[in-house]
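**Student:** below are the sequence and a predicted model; questions follow.
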Amino acid sequence: MKLIAAPARLSTADADFEQKFKQRLHWSAEQDDAIEQRVKDILADVRARGDAAVLEYTARFDGVQAADMAALELTAAELQAAFDSLPAEQRDALTQAAARIRRYHEWQKTQGGQTATYRDEDGTLLGQKVTPLDRVGIYVPGGKAAYPSSVLMNALPAHVAGVGEIIMVVPTPARRDGASTGTRGERNPLVLAAAHVAGVSRAFTVGGAQAVAALAYGTATVPKVDKITGPGNAYVASAKKHVFGTVGIDMIAGPSEILVLADGSTPPDWVAMDLFSQAEHDELAQSILLCPDAAYIDAVQAAIDRLLPDMPRAEIIAKSLTGRGALILTRSMQEACDISNRIAPEHLEVSSRDPHRWEPLLRHAGAIFLGAYTSESLGDYCAGPNHVLPTSGTARFSSPLGVYDFQKRSSLIEVSEAGAQVLGRTASVLAHGEGLQAHARAAEMRLK
């Protein structure tokens, strides 16, 4: 039987081009494992109904009734007004933090993330072309707390990378006491001001799995993005996992973590408060102390007991420390470093007289904070490096969010005539060995 090769014939001038084009590109290896069905249902609904589904879920989950998506989009004027409305102290803090974060990521971009080429001895050009993503979506958590720092940490490295358009989504749920009604919800001016400072292109007051779906698939109002970054609750994390492949994502974030390696030289109150700083996020956050000094551990526990009653989020801190926290006595600081590497924490404080002695032993951590004066909270807000970090042990193979997350690389290859004579013979042998004769012939045709 005669074999026929019949590739699809498409024309952009045809009315059905987009449909046929998408059908030709479509490929999915997703297997329905019957878990997280509710998130899947939301994603599918937003993909099918777009804005209407987003409005429905925003009303259901956030208690915000909106007639259309225009009521949920924040204008540039509103972001500017939010910035202008802040007390001078907050405006200054926001701009200073943004400047440090931008400066760090500008430096990061110079460290190897550039287009570069070279030619080998036969004149063949090899290299890489680094280009920014066209459009990204940043998810900013809302509801229990407001996170302007997350706006800065996601938007600024995207700007530095050269991303053309940054779409922000942030839930603004109605107050639980019902005092807030209508379309506005609880809009935090510091979050909106951060979006203004960071140069967010468009912003929507939408959250949850429906926001992730809108960014991933696009709706009549929300543009489809190439990548989604930023932390969220379990629904957001699940949704990001399910849309990966349709869009890129930064990571699947779990509960916050802090690990403190202490040699007993730091005031116990400082360490206790550093443990609180992550425990106050939620009951599932994890705070661990590793120390070879039993008396010091006792002192830290005493500080915890003394300081806890004055904390506004004392109940959450107590549940977190009780349920997941640990104060661990080690035989040495070196053993503490070994245990730290096994944990691979999100935040790692080296609270020691000589932190640089121990830093070379630490291989796995999202961010390492060196010395007694380097509280993790400084990294969260304004030190410069990104606070979006790998959790749940994924620091063994993952990195903090950075400029490189908003760029991608294309290999550049230009083979000279002389180079084709060498490379072609090598490729021919290997292709025949794999049984791919067309590969071999394509190389052989260029041989003299």
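**Tutor:** Nice, I can see it. Residues are numbered from 1 along each chain as shown.
**Student:** quick one, helices of the stretch 201-350 of the chain?
**Tutor:** Taking DSSP state H, counting those that start in this stretch as the criterion, the stretch 201-350 of the chain carries its helices at 208-217, 234-243, 268-279, 294-307, 314-324, 333-343.
**Student:** what comes into contact with stretch 413-422?
**Tutor:** 120, 122, 123, 124, 125, 126, 423, 443, 446, 447, 448 (CB atoms under 8 Å, 6 or more residues apart in numbering). To be clear about C-beta, it is placed using only N, CA and C from the backbone, and glycine gets the same treatment.
**Student:** buried set for that stretch?
**Tutor:** 415, 419, 420, 422 (16 or more other CB atoms under 10 Å).
**Student:** and stretch 283-300, by the same measure?
**Tutor:** 283-293, 296-297, 299-300.
**Student:** list just the nearest of the residues you listed to residue 76.
**Tutor:** Top of the list for closeness to residue 76, among the buried residues of stretch 283-300 and by CB to CB, is residue 285 at 35.1 Å.
**Student:** the closest one and residue 257 touch, don't they?
**Tutor:** Yes - in this structure, residue 285 is within contact of residue 257 by CB atoms under 8 Å, at 6.9 Å.
**Student:** most widely separated two among the buried residues of stretch 413-422?
**Tutor:** 415 and 422 (9.3 Å).
**Student:** please pull out the lowest mean pLDDT helix or strand from this structure.
**Tutor:** Scoring the helices and strands of the chain by mean pLDDT, DSSP states H and E places helix 17-25 at the bottom, with a mean of 68.
**Student:** give me the next element, helix or strand, following that helix.
**Tutor:** helix 37-49 (DSSP states H and E).
**Student:** measure how that next one sits relative to helix 234-243, angle-wise.
**Tutor:** Angle, helix 37-49 to helix 234-243, by axes from the mean of the first three to the mean of the last three CA atoms, to 10 degrees: 60 degrees.
**Student:** in helix 37-49, what counts as buried?
**Tutor:** Applying a neighbour-count criterion of 16+ other CB under 10 Å, the buried positions in helix 37-49 are 39, 40, 42, 43, 45, 46, 47.
**Student:** of those, closest to residue 375?
**Tutor:** Closest to residue 375, out of all of these and judged by CB to CB, is residue 39, at 35.5 Å.
**Student:** need the nearest residue in space to the closest one, chain neighbours excluded.
**Tutor:** residue 238 (4.4 Å; CB to CB, 6 or more residues apart in numbering).
**Student:** give me the pLDDT for that neighbour.
**Tutor:** pLDDT recorded at residue 238 is 89.
**Student:** count of neighbours near it?
**Tutor:** 21 (other CB atoms under 10 Å).
**Student:** looking at it, it is touching residue 37, isn't it?
**Tutor:** No - applying CB under 8 Å, one finds residue 238 not in contact with residue 37, separated by 10.3 Å.
**Student:** circling back: can you redo the buried residues of stretch 413-422 as a markdown table with pLDDT, distance to residue 399 and secondary structure?
**Tutor:** Output for those, formatted as a markdown table (pLDDT from 0 to 100; distance: CB to CB, whole Å; DSSP: H, G, I helix; E, B strand; the rest coil):
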| residue | pLDDT | distance to residue 399 | secondary structure |
| --- | --- | --- | --- |
| 415 | 89 | 33 | coil |
| 419 | 88 | 35 | helix |
| 420 | 91 | 38 | helix |
| 422 | 86 | 37 | helix |
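**Student:** ok, now how distant is residue 205 from residue 76?
**Tutor:** 15 Å (CB to CB, to the nearest Å).
**Student:** what about the two, which has more around it?
**Tutor:** Each of residue 205 and residue 76 has its neighbours counted (other CB under 10 Å); residue 205 has more, 27 against 14.
**Student:** what sits against the more buried one?
**Tutor:** Neighbours of residue 205 in contact, by CB under 8 Å, 6+ apart: 58, 64, 72, 73, 74, 169, 170, 171, 172, 185, 187.
**Student:** dump those into JSON lines; add distance to residue 379 and pLDDT as well.
**Tutor:** Shown next, in JSON lines, are those (distance: CB to CB, whole Å; pLDDT from 0 to 100):
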{"residue": "58", "distance to residue 379": "33", "pLDDT": "93"}
{"residue": "64", "distance to residue 379": "33", "pLDDT": "91"}
{"residue": "72", "distance to residue 379": "32", "pLDDT": "95"}
{"residue": "73", "distance to residue 379": "32", "pLDDT": "95"}
{"residue": "74", "distance to residue 379": "28", "pLDDT": "94"}
{"residue": "169", "distance to residue 379": "24", "pLDDT": "97"}
{"residue": "170", "distance to residue 379": "22", "pLDDT": "95"}
{"residue": "171", "distance to residue 379": "25", "pLDDT": "93"}
{"residue": "172", "distance to residue 379": "27", "pLDDT": "90"}
{"residue": "185", "distance to residue 379": "30", "pLDDT": "64"}
{"residue": "187", "distance to residue 379": "27", "pLDDT": "88"}
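**Student:** buried subset of those?
**Tutor:** 58, 64, 72, 73, 74, 169, 170, 171, 172, 185, 187.
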